[in-house]
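Chemist: when you get a sec, could you give me coordinates for this:
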Amino acid sequence: MLLSLSWRNLWRNKLRSMVILLSVAVGIIGAVVSDGFISGMTDQRVNAAIANEISDIQIHTPAFLLKGEIQDSIHQANRMIEKTEKLPEVKGISLRIKTDAMAASASAASGITLYGVNPVSEQKVSDLYRHIIQGKYLSEKEKIPAIIGQKLAHKLNLQLGDKLIVTLTDTSGTILNGAFFITGIFKTANTRFDETHVFVNKKDLRTLTGAATKTGNEIAIRLKSNQQTQPVMQQLQQLFQDKIKQHQIVIQSWEQIQPLLKSMIALMDYFSYLFLIIILAALAFAIINTMLMAVMERTREIGMLMALGMNKRRIFTLIMLETIFLSLTGALVGLLLSIWIIHHFATVGFDLSSVAAGLNYIGYSSRIFFRVNTPFYIFSMLLVVLIAILSSISPALKALRLQPATALREMN
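Modeler: Numbers count the residues shown, from 1 in each chain. Sure, this is the predicted structure:
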């Protein structure tokens, strides 16, 4: 009886109930959509970093991580690759030669990170070949080819077919110069990456620097899903535990290579939940005010119910149920609309091309695909119930303080 009575009481003043219902719905929509936007931006940045820049897991020698010199190659790298390829979670592995260098043209110069890669194996690890906007990706058939970022090409005033001069040190520490022909220009969502990275064939860089055949100072591992990073890390640590104990190699996940990305994910999740709590806490005051007005307007009715024998516990429950029904109805409307909005922008994306230059500078794409985890929806509903219960206490206590005879006399 109380359930049906509480539900009917909500719609005795339709306008007031609709205002609160819509307020709760809009609050839920704002919180969920903001979480979808933030999560979408975070996902895009992490996925782009893994796909184009760092891969899921990298292996180096401790000396290379300390000094970054080209001669600090990984001992028996090919054997390690053969063992790692047997793991079912692994999508691809690339043995790279990585070194710092100075890139120059006739008009300008800039510091870069130079990668020597095998074009075939690199395409299994990096999606950079998908971002070629001019020319083509590296090929073993080309003569000393190089691909550079669009930002670097503009900075050095270079075009396809132009010669790129690099200055670097060889395996003996001698400074030398080398030349490569630009065969491709790429553009990712990270302009700072585009400005500082150049890729050439590993055999050409090995010839230039005197590096030994079949060696490299970086093993990049791409997984079928970045959710598998920690399990694969544990497998690799067991697989190469002797080399790790002897300080021959260091295995790092993308979270360790770029800890800022991991911190950003945790921080964005924190702000999403905080924003939801702030919105619903603010709405609690509106709910309290509405229910207090409802109690005051129904003083005579509540007094009559008490006079007819309804005890205070049932009066308290009645007011609480009305508040919960009001809040939950608004929350359900808000969640349904939020799910539709999230699905829409998860499919077509949210276009921010008007501020693309600024977003690309900090590594973000101008099209954001929304995502909301199921726990956030569940937490939203539980928080609405909690806020409704807390908001109902004051109006319910107000109703309990009424005396039947006094309530009836005041209204008369």
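Chemist: from now on I want contacts and neighbour counts done on CA atoms only, so please keep to that.
Modeler: OK.
Chemist: in stretch 100-114, what's buried?
Modeler: 100, 101, 102, 103, 104, 105, 109, 111, 112, 113, 114 (16 or more other C-alpha atoms under 10 Å).
Chemist: show me how far it is from its chain's centre.
Modeler: How far stretch 100-114 lies from its chain's middle: 32 Å, per C-alpha atoms, centre = their mean, to the nearest Å.
Chemist: use 31 as the first number for this chain going forward.
Modeler: All right, first residue 31 from here; so that's stretch 130-144.
Chemist: give me the contact list for that stretch.
Modeler: Stretch 130-144 has contacts (C-alpha atoms under 8 Å, 6 or more residues apart in numbering) with 98, 128-129, 185-188, 193-199, 225-230.
Chemist: which of those are buried?
Modeler: For the contacts of stretch 130-144, a burial check counting by 16+ other C-alpha under 10 Å picks out 98, 128-129, 185-186, 188, 193-199, 225-230.
Chemist: which strand residues bridge residue 398?
Modeler: Judged by DSSP bridges, the bridge partners of residue 398 are residue 380.
Chemist: I'd assumed residue 381 was in contact with it.
Modeler: Yes: if you go by C-alpha atoms under 8 Å, residue 398 and residue 381 touch, sitting 6.7 Å apart.
Chemist: which of these two has more neighbours?
Modeler: Remark: of residue 398 and residue 381, residue 398 carries more neighbours, 25 against 14, as counted by other C-alpha atoms under 10 Å.
Chemist: picking that back up, can you put the buried residues of stretch 130-144 in CSV and add secondary structure and distance to residue 300?
Modeler: Listed next are those as CSV, based on DSSP: H, G, I helix; E, B strand; the rest coil; distance: C-alpha to C-alpha, whole Å:
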residue, secondary structure, distance to residue 300
130, strand, 37
131, strand, 40
132, strand, 41
133, strand, 42
134, strand, 44
135, coil, 46
139, strand, 42
141, strand, 37
142, strand, 36
143, strand, 35
144, strand, 37
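Chemist: among those residues, which has the minimum pLDDT value?
Modeler: Here the lowest pLDDT out of the buried residues of stretch 130-144 sits on residue 135, with 89.
Chemist: against residue 392, how distant is that one?
Modeler: Distance from residue 135 to residue 392, counting by C-alpha to C-alpha, to the nearest Å: 26 Å.
Chemist: strands along this structure, start to end?
Modeler: Here the chain has its strands, by DSSP state E, at 87-90, 120-134, 139-147, 162-165, 175-179, 193-199, 205-216, 227-231, 248-253, 280-283, 380-381, 397-398.
Chemist: burial check on the residue nearest to residue 372 when sequence neighbours are not counted, number of neighbours?
Modeler: Excluding its sequence neighbours, the residue lying closest to residue 372 (C-alpha to C-alpha, 6 or more residues apart in numbering) is residue 400, at 5.9 Å. Neighbour count of residue 400, defined by other C-alpha under 10 Å: 27.
Chemist: mind checking how far residue 400 is from residue 58?
Modeler: Taking C-alpha to C-alpha as the criterion, residue 400 is separated from residue 58 by 16 Å.
Chemist: same question, residue 302
Modeler: Look at residue 302 and residue 58: by C-alpha to C-alpha, they are 12 Å apart.
Chemist: so which of those two has more stuff around it?
Modeler: residue 58 (28 against 20).
Chemist: chain center to stretch 242-251: distance?
Modeler: Using C-alpha atoms, centre = their mean, the offset of stretch 242-251 from its chain centre is 30 Å.
Chemist: would you mark the buried spots in that stretch?
Modeler: The neighbour-count check on stretch 242-251 (16+ other C-alpha under 10 Å) flags 245, 246, 247, 248, 249, 250, 251 as buried.
Chemist: now do the same contact list for residue 361.
Modeler: Taking C-alpha under 8 Å, 6+ apart, we find residue 361 in contact with 51, 54, 55, 58, 411, 414.
Chemist: pLDDT averaged over stretch 372-390, what's the number?
Modeler: Averaged over stretch 372-390, pLDDT sits at 85.
Chemist: which helices and strands sit right next to the longest helix seen in the chain?
Modeler: Ranked by residue count and defined by DSSP state H, the top helix of the chain is helix 289-327. Counting contacts by 3 or more C-alpha pairs under 8 Å, 6 or more residues apart in numbering; DSSP states H and E, helix 289-327 packs against helix 44-78, helix 342-378, helix 404-430.
Chemist: again, only using 10 Å
Modeler: Applying 3 or more C-alpha pairs under 10 Å, 6 or more residues apart in numbering; DSSP states H and E, one finds that helix 289-327 contacts helix 32-40, helix 44-78, helix 284-287, helix 329-337, helix 342-378, helix 404-430.
Chemist: which ones are touching residue 257?
Modeler: Listed by C-alpha atoms under 10 Å, 6 or more residues apart in numbering, the contact set of residue 257 reads residue 86.
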